[in-house]
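Student: the following comprises the amino acid sequence and a computationally predicted model.
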Amino acid sequence: MGQKNIYSKRKIFDIPANWQFQMDAYNLGKEEKWYSEDFNCFDWAEVTIPRAWDLYDEGLWGYEGIGWYASVFNTPDIDEDNTVWLEFGRVNYYSEIWLNGKFLGENLGGYLPFNFNITDFLNINGNNKIVMRVDNKLKEEWLPATQQVEWVQYGGILGPVKLSVYPKLYISDICINAVPEKSGAIVTAEVEITNLKNKSEDFDLLVKIPVSGSSSLTLRKKQVRCPLRSSKKIQFVFNLPKAQPWSPDNPCLYRLSVNLKQSKNTVDGLSERFGVRKIEVKGTGILLNGKPVFIKGVNRYDEYGKFGPNPPRKMLVKELREMKNAGVNLVRTHYPQSPELISLFDEMGFLMLEELPLNWWGIDFYGNKCNQSAAILHQARKELANLIKRDKNHPSIIIWSMANECKTDSELGIKVMRKLLRETKRLDKTRLATFVARSDTQGHQAFGDADLICYNMYYGSLSGEICHHKNELDKCARIPSIAHMRKQHVHFPDKPKLVTEFGCRAIKNISGDLHLSEDFQAAYLENVWKAIRDCGDVAGGVLWTWADYYHQKKFHSFTIFGPYGVVTVDRKPKKALEALKRMYCDSRQ
């Protein structure tokens, strides 16, 4: 998918079995020391992971609270030159972890991986017991920085849990930037080596990129020293001849491999996939590999009916093929997605706008007061750094977004957005950075630091005069949408604009002329898309949404799900899917 182990002594073991689960609705676990080595966790429910606890039983659907997990594993074979890491792909949301009764640490964040060096905590000759406490309640001091969001807060262990055995001198990161250059490419690779030994270590590095058949480009760095208990970064620059640029029409991928050697012996090895592509803005346009690209996007949540956020790979592939057939070239998400899904975007040729889970911060929705605190900046910065570190080598990702529909026109909102945008540019100069305004961009002064202007637009659906019948669409949807887009252009005339949400609801099998019918939704989408396509002041649009999605349990709505999709939660098509194909496959764009 992405990083790949190419050296057999770096061993990785899944821990998918022997997991127990217990609800802790009354918050008793810490007081009663459920984490202690001699506490009996084995009469708890037997569960499988990764899987949301919402799916263990109907009674747990939408449960926001505390849950505990426990598992036992055997110590892997290690020697004095190894370290053992306990790695979690995704746990939602706040987690605390114990191993053999000793506290390992905590993690605040529900979408990105984290790990612990457990070498000194292991029972070398016996079983080892993991205990984890997970809390998925919404809190204003945690991202998404509100007590009310739209999407379900799927709880528990949502990603794989692994044991990784590394050498103490190992490759800890590879960062690749590859841009087209005439008929080839310039590839810059920065390799990070970490030394966990108690002495400085010398090493050699060998970096290869296969180019055709059995041939490859190779660069070597010899006798590099890494200080004890620290990391060192080494840069390589390749001229890659006759490289094919990556694009939605030609998602060509290459693989770069690194070998770490000492005394001619390979100590560690790792490889990373990458694409050759350049994203930039020119005037009010977005350029991919020097050519204008018009965005035909969809928003998407990472849930798939009763599979929740963990559908089988074959279902994801089928879904993405349907998106491709509909002419979709970009996917936007409100929070970080799994590496497996993003790797599919790389392979199948989708652009991606990936967003920090900072949502409705300071906005009062549905009678819920929401305070806006500067304290969220610390967590948002940490999440941003972890997101870019994990996903930086995916060619599909072209835009980082700092937030969605937050109070970013306040003094505090402007300050926080500016800091996050500038931090993004410091960490990654190869992609575009922005945030998304709820509707009108006036007063959102931090857009001055953004590469493009993003806003959402729902005329005739959620704002302005609501359309009730199809014959009102021109008056209530298309004309107000054009006026709104032109107004945003006046606010920021020199930057690209992207409509990051537009859409309306429809219930499958409800037909006719009225709002909420399949026929109305199809007509509405084509009407608003005509406004976006013909306006000339925007670089495209992103439909809300590809698929219907379940609401958070307490979300105010007339139904338990958000029926904005062109397909249902379990991916059955609505009439709007055919409308989307007509919209996005139009040869004029």
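Tutor: Arrived safely, thanks for sending. Residues are numbered from 1 along each chain as shown.

Student: which parts of the stretch 301-450 of the chain are strands?
Tutor: 330-333, 351-355, 397-404, 432-437 (DSSP state E, counting those that start in this stretch).

Student: do you know which of those strands lies nearest residue 18?
Tutor: Between residue 18 and these, the tightest spacing by CB to CB is seen for strand 330-333, at 32.4 Å. (Glycine included, C-beta is placed from N, CA and C.)

Student: neighbouring strands of that closest one in the sheet, and parallel or not?
Tutor: Sheet partners assigned to strand 330-333 using DSSP bridges are listed as strand 295-299 (parallel), strand 351-355 (parallel).

Student: contacts for the last one?
Tutor: Contacts of strand 351-355 from elsewhere in the structure, counted by CB atoms under 8 Å, 6 or more residues apart in numbering, are 248, 288, 293, 295, 297, 329-337, 342, 345, 387, 391, 394, 396-404, 436, 500, 542.

Student: got JSON lines for the strands of the stretch 301-450 of the chain, with mean neighbour count, mean pLDDT and distance to residue 470 too?
Tutor: Shown next, in JSON lines, are the strands of the stretch 301-450 of the chain (neighbours: other CB atoms under 10 Å; pLDDT from 0 to 100; distance: least, CB to CB, whole Å):
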{"stretch": "strand 330-333", "mean neighbour count": "24", "mean pLDDT": "98", "distance to residue 470": "27"}
{"stretch": "strand 351-355", "mean neighbour count": "25", "mean pLDDT": "98", "distance to residue 470": "31"}
{"stretch": "strand 397-404", "mean neighbour count": "25", "mean pLDDT": "98", "distance to residue 470": "30"}
{"stretch": "strand 432-437", "mean neighbour count": "25", "mean pLDDT": "98", "distance to residue 470": "29"}
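
Student: and residue 568, which of those strands is closest to it?
Tutor: Going by CB to CB, the one of the strands of the stretch 301-450 of the chain nearest residue 568 is strand 330-333, 18.2 Å.

Student: chain center to that closest one: distance?
Tutor: 10 Å (CA atoms, centre = their mean, to the nearest Å).

Student: buried residues, stretch 382-395. List them.
Tutor: 383-384, 386-388, 390-395 (16 or more other CB atoms under 10 Å).

Student: then stretch 201-217?
Tutor: Residues 201, 203-209, 211, 217 are the ones in stretch 201-217 that count as buried (16+ other CB under 10 Å).

Student: what's the closest of those residues to residue 114?
Tutor: Nearest to residue 114 among the buried residues of stretch 201-217, with distances taken as CB to CB, is residue 201, at 26.3 Å.

Student: surely that closest one touches residue 261?
Tutor: No. Assessed by CB atoms under 8 Å, residue 201 is found out of contact with residue 261, at 11.6 Å.

Student: out of the buried residues of stretch 382-395, which comes closest to residue 241?
Tutor: For these, the closest approach to residue 241 (CB to CB) belongs to residue 395, at 19.0 Å.

Student: enumerate every residue touching the spatially most central residue of the chain.
Tutor: In the chain, the residue lying closest to the centroid (CA atoms, centre = their mean) is residue 336, at 1.9 Å. Contacts for residue 336 (CB under 8 Å, 6+ apart) come out as 111-112, 354, 357, 387, 390-391.

Student: let's have those in a markdown table, adding distance to residue 476.
Tutor: Below are the contacts of residue 336 laid out as a markdown table (distance: CB to CB, whole Å):
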| residue | distance to residue 476 |
| --- | --- |
| 111 | 37 |
| 112 | 41 |
| 354 | 33 |
| 357 | 33 |
| 387 | 38 |
| 390 | 43 |
| 391 | 39 |
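
Student: which stretches of this structure have low pLDDT?
Tutor: Within the chain, the segments meeting pLDDT under 70 span 1-9, 212-214, 366-368, 555-558, 587-589.

Student: tell me the domain boundaries of it?
Tutor: Domain assignment of the chain by automatic domain parsing yields the ranges 4-167, 169-274, 279-584.

Student: wait, which of the strands paired with strand 330-333 is closest to residue 116?
Tutor: strand 351-355 (25.6 Å).

Student: distance from the chain centre to that closest one, please.
Tutor: That offset, for strand 351-355, works out to 8 Å (CA atoms, centre = their mean).

Student: what of stretch 395-409?
Tutor: That offset, for stretch 395-409, works out to 11 Å (CA atoms, centre = their mean).

Student: and if you look at stretch 104-116?
Tutor: Centre to centre, stretch against its chain (CA atoms, centre = their mean), the figure for stretch 104-116 is 15 Å.

Student: do the same with stretch 549-568
Tutor: 21 Å.

Student: cool, and stretch 252-267?
Tutor: Distance, stretch centre to chain centre, for stretch 252-267: 28 Å (CA atoms, centre = their mean).

Student: what distance separates the start and the end of it?
Tutor: Stretch 252-267 has an end-to-end distance of 31 Å (CA to CA, to the nearest Å).

Student: list the buried ones in it?
Tutor: In terms of neighbour count (16+ other CB under 10 Å), stretch 252-267 has its buried residues at 254, 256-261, 267.

Student: just send these back as JSON lines, with secondary structure too.
Tutor: Below are the buried residues of stretch 252-267 laid out as JSON lines (DSSP: H, G, I helix; E, B strand; the rest coil):
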{"residue": "254", "secondary structure": "strand"}
{"residue": "256", "secondary structure": "strand"}
{"residue": "257", "secondary structure": "strand"}
{"residue": "258", "secondary structure": "strand"}
{"residue": "259", "secondary structure": "strand"}
{"residue": "260", "secondary structure": "strand"}
{"residue": "261", "secondary structure": "strand"}
{"residue": "267", "secondary structure": "strand"}
